[in-house]
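A.B. asks: fold the following, please.
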Amino acid sequence: MMKHKKHKADFMIISFLWIVSLIIAGFLVWLITHIFINGIPHVTLDFLSSPNDTKHRGILPMILNTIFIICLSLVFSIPTGIGTALYMTEYSKQGRIINIIRFSIETLGGIPSILYGLFGFIFFVKILNFGFSILAGSLTLSIMVLPTIIRTTEESLKAVPASYREGSFALGATNLTTIKKVTLPCAMPGIIAAIILSVGRIIGESAAVYLTAGMGKNIANSMMNSGRTLSVHLYILAKEGISFDETYATASVLVILIAFINMTASYLGNKIKKRGVK
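C.D. replies: Predicted coordinates for the structure are as follows:
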């Protein structure tokens, strides 16, 4: 009798989880389909390759500025985030200081993006006098995604079996060699997941970029130039409500760009993992 009740309870829980999962998946499919149906017909070669001025309504500068700010943000955040996670798991002694660091990281992860934008505006734009620039936006976004990279990388490093490290040490390898040849390759899927999540947040962020990188409609020729990203451009189009066709087309390009970057990151991560294992 008890066994029958247990199976019935398990069946109800699994059914509930399947229903919730299908609802979420269905909503996602509906949302992407709605965006593509209204946007893809207006995504033309001229739309993708022309500037945004009085004669053209293209998004080429926004695409390039988005890629620029993603790459620069990752250059700042990936070494810092992975290095912090390595220190916390491989070198430091677990104690009050590490607990304070973890608590601070968790707190940073829960701060709204608009506050990051205000901090970036005050510190990078005003105090450091970077002005509205790609550099100010990238530094702000790198701080924003650090909690994701650190926590996900730390959990991935902890998941590596201790026997792997012990075997490496038994063969005479140093701690640094063990990290390079054993620990990091094994933790690479989790690290890649952290990077993908960070890219998704960077590419979809508008408030922090709006207050730091600015709204320049031209291609940013240097880190000190202002540059509008696709998300900021989409926000401005939706706010002005001038052309819904252009808004949906920009949204379609943004979704495609996110998918492309995620697939590229996963492919490169698998290549790095295989090379590290060898």
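
A.B. asks: quick one: stretch 143-159 to chain centroid distance?
C.D. replies: 12 Å (Cα atoms, centre = their mean, to the nearest Å).

A.B. asks: name the residues that touch it?
C.D. replies: With contact meaning Cβ atoms under 8 Å, 6 or more residues apart in numbering, stretch 143-159 is reached by 73, 77-78, 80-82, 84-86, 88-90, 105-106, 108-109, 113, 116, 119-120, 183, 187-191, 193-195, 197-198, 201-202, 205, 208. (Each C-beta comes from the backbone N, C-alpha and C, glycine too.)

A.B. asks: these in helices, which ones?
C.D. replies: Members of these lying in helices (criterion: DSSP state H): 73, 77-78, 80-82, 84-86, 105-106, 108-109, 113, 116, 119-120, 187-191, 193-195, 197-198, 201-202, 208.

A.B. asks: so Asn175 makes contact with Tyr87?
C.D. replies: No. Using Cβ atoms under 8 Å as the test, Asn175 is too far from Tyr87 to be in contact (11.9 Å).

A.B. asks: filter the contacts of stretch 143-159 to the buried ones?
C.D. replies: Among the contacts of stretch 143-159, the ones that count as buried by 16 or more other Cβ atoms under 10 Å are 73, 77-78, 81-82, 84-86, 88-90, 105, 108, 113, 116, 119-120, 183, 187-188, 190-191, 193-195, 198, 201-202, 205, 208.

A.B. asks: which other helices and strands contact the least confident helix or strand in the chain by mean pLDDT?
C.D. replies: Counting by mean pLDDT, DSSP states H and E, the weakest-scoring helix or strand in the chain turns out to be helix 244-277, with a mean of 79. On a contact count with 3 or more Cβ pairs under 8 Å, 6 or more residues apart in numbering; DSSP states H and E, helix 244-277 meets helix 2-39, helix 60-86, helix 184-204, helix 230-240.

A.B. asks: count of residues packed around Ile236?
C.D. replies: 17 (other Cβ atoms under 10 Å).

A.B. asks: cool, Leu22 as well?
C.D. replies: Neighbours of Leu22 (other Cβ under 10 Å): 10.

A.B. asks: and it, how far from Ile35?
C.D. replies: Distance check for Leu22 against Ile35: by Cβ to Cβ, to the nearest Å, it reads 20 Å.

A.B. asks: what about stretch 171-189, start to end distance?
C.D. replies: 25 Å (Cα to Cα, to the nearest Å).

A.B. asks: could you do stretch 156-169 as well?
C.D. replies: Span of stretch 156-169 from end to end, Cα to Cα: 20 Å.

A.B. asks: stretch 31-51 too?
C.D. replies: Terminal-residue distance, stretch 31-51 (Cα to Cα): 28 Å.

A.B. asks: show me the contact partners of it.
C.D. replies: 56-61, 63, 217-219, 244-246, 248-253, 255.

A.B. asks: quick one: buried ones out of those residues?
C.D. replies: Members of the contacts of stretch 31-51 classed as buried by 16+ other Cβ under 10 Å are 57-61, 63, 217, 246, 248-253, 255.

A.B. asks: for those, which one is nearest Leu28?
C.D. replies: Val255 (10.8 Å; Cβ to Cβ).

A.B. asks: gap between that closest one and Leu74?
C.D. replies: Counting by Cβ to Cβ, the gap from Val255 to Leu74 is 20 Å.

A.B. asks: surely Lys93 is within a strand?
C.D. replies: No. Per DSSP: H, G, I helix; E, B strand; the rest coil, Lys93 lies outside any strand segment and is coil.

A.B. asks: where does it land on pLDDT?
C.D. replies: Looking at Lys93, its pLDDT is 78.

A.B. asks: and which of the buried ones among the contacts of stretch 31-51 is nearest Phe132?
C.D. replies: Distances from Phe132 to the buried ones among the contacts of stretch 31-51, taken by Cβ to Cβ, are shortest for Lys217, at 12.5 Å.
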